[in-house]
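Q: Need coordinates for the below:
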Amino acid sequence: MIVYGRNPVAELVRAGRRRVLQVWAVKDPGFPFTRASSEELERLAGTDSHQGIVAEAEPYHYVHAAELLARDGLVLVLDEVQDPQNLGAICRTAEVAGALGVVIHDRRAAEVTPAVCKASAGAVEHLAIARVRNIADFLGEAKAAGFWCYGAAADGRVSCFEVQWPERVALALGAEGKGLRPRVAKACDELVSVPMRGRLDSLNVSATTAVLTYLALQREFRP
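A: Alright, predicted model coming up:
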């Protein structure tokens, strides 16, 4: 798998979770590399957004979904989110905030690709990500493990600021422009909304995730 960009490649090397096969760079990145021109890097990466460095690594390692339910914390559950930029941004928020991990659909959704690695600034190298066949069924498993399942919805009857966030939370977020599918929404214990006071009536899924992630984990940031 190709990884490109300064932060993604640096985090790939630093994390050490998957074997790095080769690194090409315009200048010395501080670890073993093969010197290459910008044009060569663009060919390797398939984009001119390589920032002077490209790596080849073994395939991304997904975790088993059950591993995310073994302790207290927040699990982000993405219901067919398809935009790689949104998935990358969500993974970056999840990793920085200290979420337990992210669950994605194993077919009709974005997966970890070079573009997602870049959009996450390398966060995917440190984050536990699981793929499941059925999002609603996973929420059922989360409930059985003691998690309270919330779904983000524009018409959710409860404001996210009114929620007494418990220690174990599975937060479901829907696809761009579609929201949660009916069966996934039904599998949630409660649907919550982010209040809107401006002229626009919505946030994109990555922005919504950032708001709700820090609310759900606010007890961990209190002095």
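Q: Is residue 43 part of a helix or strand, or is it coil?
A: Put simply, residue 43 is helix when judged by DSSP: H, G, I helix; E, B strand; the rest coil.
Q: Same question for residue 104.
A: Using three-state DSSP, the structure places residue 104 in strand.
Q: Kindly state the beta-bridge partners for the nearest residue to it once chain neighbours are set aside.
A: Of all residues not flanking residue 104 in the chain, residue 78 sits nearest, at 5.0 Å (CB to CB, 6 or more residues apart in numbering). For glycine as for every other residue, the C-beta is placed from the backbone atoms N, C-alpha and C. Beta bridges link residue 78 to residue 173 when assigned by DSSP bridges.
Q: Looking only at residue counts, what's the top helix in this structure?
A: Counting by DSSP state H, the longest helix found in the chain is helix 84-97.
Q: Dump that one to PDB, keeping only the CA atoms.
A: What follows is helix 84-97, C-alpha atoms only, in PDB (Å, rounded to 0.1, in the frame of the first residue of the first chain):
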ATOM      1  CA  PRO A  84     -12.200   9.600   2.000                       C
ATOM      2  CA  GLN A  85     -11.600  13.100   3.200                       C
ATOM      3  CA  ASN A  86     -14.400  12.800   5.800                       C
ATOM      4  CA  LEU A  87     -13.100   9.400   6.900                       C
ATOM      5  CA  GLY A  88      -9.600  10.800   7.200                       C
ATOM      6  CA  ALA A  89     -10.800  13.800   9.200                       C
ATOM      7  CA  ILE A  90     -12.900  11.600  11.500                       C
ATOM      8  CA  CYS A  91      -9.900   9.300  12.200                       C
ATOM      9  CA  ARG A  92      -7.700  12.300  13.000                       C
ATOM     10  CA  THR A  93     -10.300  13.600  15.500                       C
ATOM     11  CA  ALA A  94     -10.800  10.100  17.000                       C
ATOM     12  CA  GLU A  95      -7.100   9.600  17.500                       C
ATOM     13  CA  VAL A  96      -6.300  13.000  18.900                       C
ATOM     14  CA  ALA A  97      -9.200  12.900  21.300                       C
END
